[in-house]
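S.K.: Fold the following and give me the result.
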Amino acid sequence: MWHIRPDDLTGDAIRALIVEHLAHMHSLSPAESVHALDATAMQGTSVTMFTAWDGDDLGGMAALKRLDAHNGELKSMRTTTAARGRGAGRALLQYILGIAQTEGFASLSLETGTEEEFSAARALYASEGFIECGPFADYVADPLSVFMTRAL
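M.R.: Predicted structure coming up:
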């Protein structure tokens, strides 16, 4: 049902979802604990943003950040309010896992929040084989962060 594609972040719907995502993350956590990418960072050379569409309706977004030749990070995963519970998040996650495997990555890691607001995300990641781990890349231990990884 969901069509996943790379996104150049120029469309109004994706720009609005990025603004919503950042505002929501900042409403939940202090600035030093918010690790979501802004639109400029999402357009970096090491990041590819993907969006999920049902016809003309945006369902969600997620990014694959290349940490090095062997490891990637899932970033800025968010579904629209209308798409929640309809599989857009799982479709994006599975798509990015496939891309990471195709590119030869050994692992895909992520950071998410500890708050109840993030419980559905943590459950989704666990259901796709992610396990908790320590901080990776440039992250440091943070009581508001959960770090997860999956071998590919």
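S.K.: how close does Glu128 sit to Leu97?
M.R.: Glu128 is 7 Å from Leu97, where distance means Cβ to Cβ, to the nearest Å. For glycine as for every other residue, the C-beta is placed from the backbone atoms N, C-alpha and C.
S.K.: In the chain, which residue is most central in space?
M.R.: Met77 (2.8 Å; Cα atoms, centre = their mean).
S.K.: hang on, that residue in a strand?
M.R.: Yes. Secondary structure of Met77 (DSSP: H, G, I helix; E, B strand; the rest coil): part of a strand.
S.K.: My guess is it contacts Met61. True?
M.R.: Yes. Between Met77 and Met61 there is a contact at 7.3 Å, judged by Cβ atoms under 8 Å.
S.K.: for Ile4, which residues make a bridge with it?
M.R.: Judged by DSSP bridges, the bridge partners of Ile4 are Ala52.
S.K.: I meant to write Phe147 there.
M.R.: Counting by DSSP bridges, Phe147 is bridged to Glu111, Cys133.
S.K.: can you pull out the strands in this protein?
M.R.: Taking DSSP state E as the test, the strands found in the chain are 3-6, 47-54, 57-66, 71-79, 107-113, 131-133, 145-151.
S.K.: Make CSV out of those strands and add mean pLDDT.
M.R.: Below are the strands of the chain laid out as CSV (pLDDT from 0 to 100):
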stretch, mean pLDDT
strand 3-6, 97
strand 47-54, 96
strand 57-66, 96
strand 71-79, 94
strand 107-113, 96
strand 131-133, 98
strand 145-151, 97
